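*Asks:* what follows is a predicted protein model with its sequence.
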Amino acid sequence: MSLENRTACVIGAGFGGLALAIRLQSAGVRTTVIEGRDKPGGRAYFWEREGFTFDAGPTVITDPACLTELWQLSGHDMSQDVELMPVMPFYRLNWPDGVSFDYSNDEAQLNREIAKLNPADVAGYEAFLRYSADVYEEGYVKLGHVPFLDFKSMIKAAPALMKHQAWRSVYSMVSSYVRDEHLREALSFHTLLVGGNPMTTSSVYALIHKLEKDGGVWWARGGTNRLVAGMIRHFERLGGQVRLGDPVTAIDTLGTRCTEVVTQNGWRGQFDAVASNADIMHSYRDLLGGNMRGRKMARSLARKRFSPSLFVVHFGVEGVWPGIPHHMILFGPRYKGLLQDIYEHGVLPADFSVYLHHPTVTDPSMAPPGKSTFYALVPVAHMGKLAVDWDQLGPELEKRILDEVGRRLIPDIHDRIVTKFHYAPSDFASDLNAHLGSAFSLEPILTQSAWFRGHNRDDVIDNFYLVGAGTHPGAGIPGVVGSAKATAGLMLEDLAR
């Protein structure tokens, strides 16, 4: 059957959902995206306050080729809709003992930074990069866009994963190459950007270093929200339809097929295929709650480990800060112990590490003239482990985080603040239907990766598909855009029958 006669619905306008919708529409499938919030983007939402633009996140754009491909599918150029700006250094890492480390893909500069910490680790880092390149080839190039629909596909991939000691953690693998503790933390923290604990996340995630080294780290002029807007513009240019501000409340089924999508306002649509970019638990427990498959999967998912949540303080300040780079990690006094508190103990510790995002140093348009936009992000346990009243605790934690940024970088921060607000785990739960307020869906441990993660096509409901952080390969922009490629391949194959 001609794909032009086929229809598809994508629930949720996050990066994964939009990437999938563009792929389907580019192939001729008449595609509708339904987004419950007033603006598209999912976790890449944004706010405008007093002339400041605040991106909800994500803020680190890597592997730009996976994005430009979405335009190339139909012979277009992404630059007509989105301007990507290079970020350098990629990150500045700072510790309480005064050590500072700039991480980038400028080899000579990076080797000097490593040598400052431990000259012997320069050779160790080079060896680590070779390892990273190997797992990048196996885990990202070969498997990152391939759906794992049965256990045989996992068995087939197992020898390569075992060869690269995938059972070891990223931190453990990094530690086998370098000795300086600062450097071990600098080379392992990246898993936190996709919800993984460096102490337990599979060493395969070391591929992030190769991804960054080859592709760089980028920023979309105007904010990550402009990348979302560019994707929407391109999707609509191709003839796709977007429905905003009307959340899907149910996916009706008959036997083993989705028959109709129902929204809160009573709108109903019939489609040949339905894909969900919504939270995986919400998709099965709530949207497919009328089907036995949905209820069964929800019970299964409830037994799995979900990633932590985040507490984010957005603030706009007087003054410009050329000495504060775009991305900065302010490590706390503990690393392993802090991660245990977040991932295992489920407590809110007195100390924390802060990811500080300062987009105006790259792109002054994010704030009024002479002012700067920031956000300070702290990982916290999800609501299943840390059951607190965030309305009560939020203002207190917000002050503590701003105090720390003030102590280490902007001494008179409280006097300079023009506007501020915070985003807590309870907001992830209410705004995004995120299970337990998790910021990254299922935790990316080995036993919840590939076939052990949500499948790109459901095993029982023939025309129901998943895209986004809860399915293979996982969270992060390259991860969810990769999931869209895997899911689109399945959907186009099925729809062509």
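*Replies:* Structure's in. What do you need?
*Asks:* list the residues that contact R49.
*Replies:* Residues in contact with R49 (Cβ atoms under 8 Å, 6 or more residues apart in numbering) are G316, T419, F421. Quick note: C-beta positions are derived from backbone N, CA and C, even for glycine.
*Asks:* show me the beta-bridge partners of the last one.
*Replies:* If I follow you right, that is F421. H314 (DSSP bridges).
*Asks:* pLDDT at it, what is it?
*Replies:* Listed pLDDT for F421 reads 98.
*Asks:* and for the one 4 residues further on?
*Replies:* Looking at P425, its pLDDT is 98.
*Asks:* and it, how many neighbours?
*Replies:* Residues lying near P425 (other Cβ atoms under 10 Å) number 25.
*Asks:* so it makes contact with F311?
*Replies:* Yes - using Cβ atoms under 8 Å, P425 is in contact with F311, at 7.1 Å.
*Asks:* any residues in contact with both of these two?
*Replies:* When Cβ under 8 Å, 6+ apart defines a contact, the residues bordering P425 and F311 alike are V380.
*Asks:* that older thread, please indicate which of the contacts of R49 are buried?
*Replies:* Buried by 16 or more other Cβ atoms under 10 Å: G316, T419, out of the contacts of R49.
*Asks:* wait, which of the contacts of R49 is closest to G16?
*Replies:* Using Cβ to Cβ, F421 comes nearest to G16 of those, at 26.4 Å.
*Asks:* from Y375, how far off is that closest one?
*Replies:* Separation of F421 from Y375 (Cβ to Cβ, to the nearest Å): 10 Å.
*Asks:* for those two, list the residues in contact with both.
*Replies:* With contacts defined as Cβ under 8 Å, 6+ apart, the residues shared by F421 and Y375 are V313, H314.
*Asks:* returning to what we had before: which one of the contacts of R49 is nearest E344?
*Replies:* Of all these, F421 has the smallest distance to E344: 30.1 Å, by Cβ to Cβ.
*Asks:* quick one: contacts for that closest one?
*Replies:* By Cβ under 8 Å, 6+ apart, the contact set of F421 is W47, R49, V313, H314.
*Asks:* if we only consider the residues you listed, which is nearest to G215?
*Replies:* Closest approach between these and G215, by Cβ to Cβ: H314, at 27.5 Å.
*Asks:* that closest one and V418 touch, don't they?
*Replies:* No - in this structure H314 lies outside contact range of V418 using Cβ under 8 Å: 11.5 Å.
*Asks:* so the two - more neighbours on which side?
*Replies:* Neighbours per residue (other Cβ under 10 Å) separate H314 from V418, with H314 holding more: 23 against 17.
*Asks:* which residues does the more buried one contact?
*Replies:* Counting by Cβ under 8 Å, 6+ apart, H314 touches W47, F54, T373, F374, Y375, K420, F421, H422, Y423.
*Asks:* where in this structure is pLDDT low?
*Replies:* Filtered on pLDDT under 70, the chain yields the residue ranges 1, 141-144, 146, 148-162, 164.
*Asks:* show me the domain layout of it.
*Replies:* Listed domain ranges for the chain are 3-49+58-85+220-304+444-495, 91-215, 309-432 (source: automatic domain parsing).
*Asks:* hey, where'd the helices end up in the stretch 101-250 of the chain?
*Replies:* Secondary structure of the stretch 101-250 of the chain by DSSP state H, counting those that start in this stretch: the helices cover 107-117, 121-136, 151-163, 170-175, 181-186, 207-215, 224-237.
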